[in-house]
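In: Predicted model and sequence below, questions to follow.
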Amino acid sequence: MNERLAKATLLGAVFLSSLTIWAVHYQQEQERETMYNGVLKDDERRKQKMQQREEALRESQRKRKF
């Protein structure tokens, strides 16, 4: 009986450890993806801001010609 209990305890510990490792790995992957998407959004915002500034510069230059 003690041998069965020991095996069950060991299997339970291995299962919980494996589940914990998998959960941490999954969470890290999700965080990495979220951070990468943030970088992509920042790049897009930067591009839009640069386009707005270039348009403002062209408008300013056009007004100076007149």
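Out: Yep, that arrived.

In: C-alpha from now on. contacts and neighbour counts both.
Out: Fine.

In: how close does S60 sit to E54?
Out: Distance, S60 to E54, by Cα to Cα, to the nearest Å: 10 Å.

In: what's the spacing between G38 and E44?
Out: G38 sits 10 Å away from E44, going by Cα to Cα.

In: who are the neighbours in contact with W22?
Out: By Cα atoms under 8 Å, 6 or more residues apart in numbering, no residues touch W22.

In: so which helix or strand takes in it?
Out: Under the criterion of DSSP states H and E, W22 resides in helix 2-65.

In: mean confidence for that helix?
Out: Summarised as a single mean, pLDDT over helix 2-65 is 96.

In: please begin residue numbering at 57 from this point
Out: Taking 57 as the first residue, the last one we looked at is helix 58-121.

In: Residue most distant from the centroid, the protein?
Out: The centre of the chain is farthest from one residue, F122, which by Cα atoms, centre = their mean lies 49.4 Å away.

In: what number of residues lie near Q117?
Out: By other Cα atoms under 10 Å, 11 other residues sit near Q117.

In: same check, this time on L96
Out: Other residues lying near L96 total 12 when counted by other Cα under 10 Å.

In: Could you measure from it over to Q108?
Out: Distance, L96 to Q108, using Cα to Cα: 19 Å.
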